[in-house]
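A.B. asks: following is a predicted model, sequence given first.
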Amino acid sequence: MKPKITYLMRGIACLLVSIMCITFLVPTASALDIRAASAFVMDAQTGECLYEYNGDVARVPASMTKVLTAYIVYQELEKGTLSWDTPISISHNVAVKSRDSSYPMAVPLTEGKTYTVDTLMHLIMIPSASASCIAMAEHISGSESAFVERMNQTAKTLGLSATYYNCHGARVNYITPRSQAMLTRRFLEDYPDILRITSKSGVSFNGKWYNNTNHLLNTMEPYEGLDGFKTGTISQAGYCVTTTAERNGRRVISVVMKSTSDAQRFQDSRQLLDYGFAEIAKRDASRQTTALAIIAQPNEVRPFEPFQVTAQLTGVSAPYITNAQWYVNDEPVAGYGNSYFQVTNGKTTTLEYTLDTLETTTAQIRLSLTMPDGTTRSVQTELQVAPVELNLDASLNLERADIYPGKVVTIRADVTSTANLPEITVPVQWELNGDMVLDAPQSVTLQNGYGTVDFDWIAPQDGRYELTVYIGNEQISETQLKADLRVA
């Protein structure tokens, strides 16, 4: 018997990738007493670890291997290279192994006959037919060995700690409980249709009824909200099962590896699912009471000079994971968003930012936390932006002195600034006889204090025209240029 959860908890930082999960020190749950060598419980919405015991120990998954095989089949369905009605021909190799008891479950397939993808997927995920996996592997990749190469590449792409030598699990493969939970979560996110299959209590094939090996769906007392996922059993693996259930819009994923018996793995899983839902309820309640406040900010900011704003989180009764994002003027700040932001009471987070524009007099700064149900907790502050003295100097130059009706004349404004800034964009407004020219350039970029902007003017009928150019705005010491243009 393994120690109770009170003595098992360890705080472990999980992989910081799109599919990672974060482990907290889990509160005491003295009633939880599992027999498995490893266990892992995950919040499917957030990816956070709700409980783990030996969660990063690589173990033999047995037929839980079929989860990755099925995932790759769904990839092919998504690409259109397969459909549910695609006929899969059964080779001699597959036909022989489908009757070999060392490839459980032995569900006989007829050599030379074809079965649809839908039929084989039901056999793979419900009675756990190993030869059906080989049939799909041969069809997709040409051979099981080539398919296994794809499995290992897919595992690497998904960030899993896993090594596969076969596509079915009747022989040894390796994966950690954490990675098995991560794979299951990714499967449910990418292809939720899989629950259409895994939720069934059994399947009829060739006149015979095959029970789902997940006995929480048939021979044992049903678990409320449970709709899959996959068992695994060979001598090297012991008794394994990945289960998932949904209640009130919140989903838990549980992984049990190397439990002591068929019945015990489901008892372990039932306890872990119960614990997962209870822990989610605590953390969701904590999300509701979380408050945010700005505790440090400058009185004003200056363009092109870095500044910091610090926020603090309070009212957090239980640690949890959320999506956090800093915004400036309603635009998300790159590098300051985190899908797996760890929330603890009193935690602070700081934005360091530099305004790279002269076209604003205020900066709206906001930190938002987005919860699994889509609600947000936010705090916002407004900072005044100090004017910048650029000391602009400018001159107008014409491409040619003589202007004739219908001819294109290039009018160039040369702009310089004494401010020591590597690159800035300054607004420009052009007017002819007091009317704004809308098709003229509206800005000029200064690099190391110098820039030019051109306006191609098509000379109209004969006459005199007054051109006025305004360079800058209320944030900049505005410069005004005038020129008289005569068309003759």
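C.D. replies: Right, received. Where do you want to start?

A.B. asks: tell me how far the residue lying closest to residue 301 once chain neighbours are set aside lies from residue 336.
C.D. replies: Spatial nearest neighbour of residue 301, excluding adjacent residues (C-beta to C-beta, 6 or more residues apart in numbering): residue 307 at 4.6 Å. Just so you know, the C-beta spots here come from the backbone N, C-alpha and C atoms, and that holds for glycine as well. Separation of residue 307 from residue 336 (C-beta to C-beta, to the nearest Å) stands at 13 Å.

A.B. asks: any low-confidence regions in the stretch 351-488 of the chain?
C.D. replies: The model of the stretch 351-488 of the chain has pLDDT under 70 over residues 399-401, 420, 474-477.

A.B. asks: all helices of the stretch 51-200 of the chain, in order?
C.D. replies: Taking DSSP state H, counting those that start in this stretch as the test, the helices found in the stretch 51-200 of the chain are 66-79, 92-97, 117-125, 130-141, 144-157, 177-190, 195-198.

A.B. asks: ok, which of those comes nearest residue 393?
C.D. replies: helix 144-157 (56.1 Å; C-beta to C-beta).

A.B. asks: now the closest one and helix 66-79, what's the angle there?
C.D. replies: 90 degrees (axes from the mean of the first three to the mean of the last three C-alpha atoms, to 10 degrees).

A.B. asks: buried set for helix 144-157?
C.D. replies: Across helix 144-157, burial judged by 16 or more other C-beta atoms under 10 Å covers 144, 147-148, 150-152, 154-155.

A.B. asks: swap in stretch 413-421?
C.D. replies: 413, 415, 417, 419, 421.

A.B. asks: hmm, the last one is touching residue 450, no?
C.D. replies: No: Residue 421 lies out of contact with residue 450 (C-beta atoms under 8 Å); the separation is 11.2 Å.

A.B. asks: who wins for proximity to residue 235 among the helices of the stretch 51-200 of the chain?
C.D. replies: helix 130-141 (15.0 Å).

A.B. asks: and the closest one with helix 144-157, angle?
C.D. replies: 80 degrees.

A.B. asks: thought residue 185 was touching residue 40?
C.D. replies: No: Residue 185 is beyond contact range of residue 40, at 11.0 Å (criterion: C-beta under 8 Å).

A.B. asks: who's more crowded, these two?
C.D. replies: Taking other C-beta atoms under 10 Å, residue 185 and residue 40 do not tie; residue 40 has more neighbours (29 against 21).

A.B. asks: can you give me the pLDDT of the more buried one?
C.D. replies: Listed pLDDT for residue 40 reads 97.

A.B. asks: hang on, it packs against residue 57?
C.D. replies: No: using C-beta under 8 Å as the test, residue 40 is too far from residue 57 to be in contact (10.3 Å).

A.B. asks: which neighbours do those two have in common?
C.D. replies: residue 177 (C-beta atoms under 8 Å, 6 or more residues apart in numbering).

A.B. asks: buried stuff in stretch 217-237?
C.D. replies: 217, 223, 226-234, 237.

A.B. asks: measure that stretch end to end?
C.D. replies: Start-to-end span of stretch 217-237 (C-alpha to C-alpha, to the nearest Å) is 22 Å.

A.B. asks: and it, how far out from the chain middle?
C.D. replies: 28 Å (C-alpha atoms, centre = their mean, to the nearest Å).

A.B. asks: could you pull up the mean pLDDT of that stretch?
C.D. replies: Rounded mean pLDDT across stretch 217-237 is 95.

A.B. asks: got it, and stretch 153-165?
C.D. replies: The average pLDDT for stretch 153-165 rounds to 98.

A.B. asks: what sits up against that stretch?
C.D. replies: 15, 17-20, 56, 58, 65, 68, 71-72, 75, 148, 151-152, 171-176, 178-179, 182-183, 186.

A.B. asks: so what's the residue count around the closest residue to residue 373 other than its chain neighbours?
C.D. replies: Distances taken as C-beta to C-beta, 6+ apart place residue 249 nearest to residue 373, at 7.2 Å, with adjacent residues excluded. Applying other C-beta under 10 Å, we find 8 residues neighbouring residue 249.

A.B. asks: and the one 5 residues further on, by the same measure?
C.D. replies: Number of residues near residue 254 (other C-beta under 10 Å) recorded here: 29.

A.B. asks: roughly how far apart are it and residue 172?
C.D. replies: Residue 254 is 23 Å from residue 172, by C-beta to C-beta.

A.B. asks: now the closest residue to residue 461 other than its chain neighbours: which helix or strand?
C.D. replies: Once flanking residues are discounted, residue 461 sits nearest to residue 405: 5.6 Å by C-beta to C-beta, 6+ apart. Here residue 405 is covered by no helix or strand, with elements defined by DSSP states H and E.

A.B. asks: ok, residue 76 touching residue 140?
C.D. replies: Yes: between residue 76 and residue 140 a contact is recorded at 5.9 Å, counting by C-beta under 8 Å.

A.B. asks: need the residues touching each of those two.
C.D. replies: residue 82.

A.B. asks: more crowded one of those two?
C.D. replies: Higher neighbour count among residue 76 and residue 140: residue 140, with 20 against 17, using other C-beta under 10 Å.

A.B. asks: need the three-state assignment for residue 456.
C.D. replies: Secondary structure assignment for residue 456 (DSSP: H, G, I helix; E, B strand; the rest coil): strand.

A.B. asks: how many other residues sit next to residue 270?
C.D. replies: 20.

A.B. asks: err, residue 216, not the other one
C.D. replies: 21.

A.B. asks: part of a strand, is it?
C.D. replies: No: applying three-state DSSP, one finds residue 216 to be helix, outside a strand.

A.B. asks: grab the nearest non-local neighbour of it.
C.D. replies: Take residue 216 and drop its neighbours on the chain: the residue closest to it by C-beta to C-beta, 6+ apart is residue 223, 4.6 Å away.

A.B. asks: repeat that for residue 294.
C.D. replies: Nearest to residue 294 is residue 381, by C-beta to C-beta, 6+ apart, at 4.8 Å.

A.B. asks: sweet, I'm off.
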